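Colleague: give me coordinates for this.
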Amino acid sequence: MSLTNTRAAYGWLAIALHWISAIGVVALYLLGEQMEEAPDRAAKLAAQNLHVSVAVLLFTFLAARLLWSFSQPHPQSLEKNRWLQLASIAVHLLFLAMILVLLVTGPLAVWSSARPIQVFDLFAIPGPFAASVDWLHETAEWVHGAASKLFWPLIVLHVGGALKHLVIDRDATLRRMLWVGRA
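Modeller: The predicted model follows:
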């Protein structure tokens, strides 16, 4: 398997970054839900610190994935229906937009309360605000929560499309993004 993509297949780095990103985004969503359901302030703060720390770590993989994706050719779509091709592109763009919004509003929600971002209690990323900016904090938290709700419908559409290619079309679309059974 090649490191780089071709017009026929994804390279191993694109595949690895895709799955690391997918697992990381699901983990962040679940950590965010755990934070919301925390029984007390201490548990909520611990869940929030873990959520933020994992987000900072995942940011590096998401940035690498975007840079790698823009520098590589994309395998040709095996979808024959033009409308479904456009729907697939729209879902992918919405994923990217959702992730971008979450990556901006997450740090803003922390920094606007005049706190640094603590990363696994190893280091802190200081914020640009010396004092709390309540309206920005509330807005960033609301937008962050609202954007995270878009996550599941997009997952359903993405997985549904992959299953359509596997079961109905019986083409190599899904196999191109797996380590085994590659096209």
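
Colleague: separation between the residue nearest the centre of the chain and residue 14?
Modeller: Centre of the chain computed as the mean C-alpha position; nearest residue by Cα atoms, centre = their mean is residue 25, 4.3 Å away. Applying Cβ to Cβ, to the nearest Å, the value for residue 25 to residue 14 is 16 Å. Bear in mind the C-beta positions are built from the backbone N, C-alpha and C, glycine included.

Colleague: returning to that earlier point: next up, the contacts around the residue nearest to the centre of the chain.
Modeller: The contact partners of residue 25, by Cβ atoms under 8 Å, 6 or more residues apart in numbering, come to 58, 99, 151.

Colleague: mind telling me what element the nearest residue to residue 62 once chain neighbours are set aside is part of?
Modeller: Closest residue to residue 62 apart from its sequence neighbours, by Cβ to Cβ, 6 or more residues apart in numbering: residue 21 at 5.6 Å. Taking DSSP states H and E as the criterion, residue 21 maps to helix 12-36.

Colleague: SS state for residue 115?
Modeller: coil (DSSP: H, G, I helix; E, B strand; the rest coil).

Colleague: ok, the residue nearest to residue 62 - how many residues close by?
Modeller: The number of residues packed near residue 21 is 18, by other Cβ atoms under 10 Å.

Colleague: relative to residue 69, how far out is it?
Modeller: From residue 21 over to residue 69 the distance is 10 Å, taken as Cβ to Cβ.

Colleague: what's the answer for residue 80, then?
Modeller: Per Cβ to Cβ, residue 80 is found 24 Å from residue 69.

Colleague: more neighbours: the two, which one.
Modeller: Higher neighbour count among residue 80 and residue 69: residue 69, with 16 against 9, using other Cβ under 10 Å.

Colleague: and the next helix or strand past the helix holding residue 21?
Modeller: Downstream of helix 12-36 (by DSSP H and E), the next one is helix 41-71.

Colleague: now the next helix-or-strand element following that next one against helix 41-71, angle please.
Modeller: Downstream of helix 41-71, the first helix or strand assigned by DSSP H and E is helix 82-111. Following axes from the mean of the first three to the mean of the last three Cα atoms, to 10 degrees, one obtains 130 degrees for the angle between helix 82-111 and helix 41-71.

Colleague: show me what helix 82-111 is packed against.
Modeller: If you count contacts as 3 or more Cβ pairs under 8 Å, 6 or more residues apart in numbering; DSSP states H and E, helix 82-111 packs onto helix 41-71, strand 117-119, helix 134-149, helix 151-163.

Colleague: which one of those lies nearest to residue 109?
Modeller: Counting by Cβ to Cβ, residue 109 lies closest to helix 134-149 out of those; the figure is 4.1 Å.
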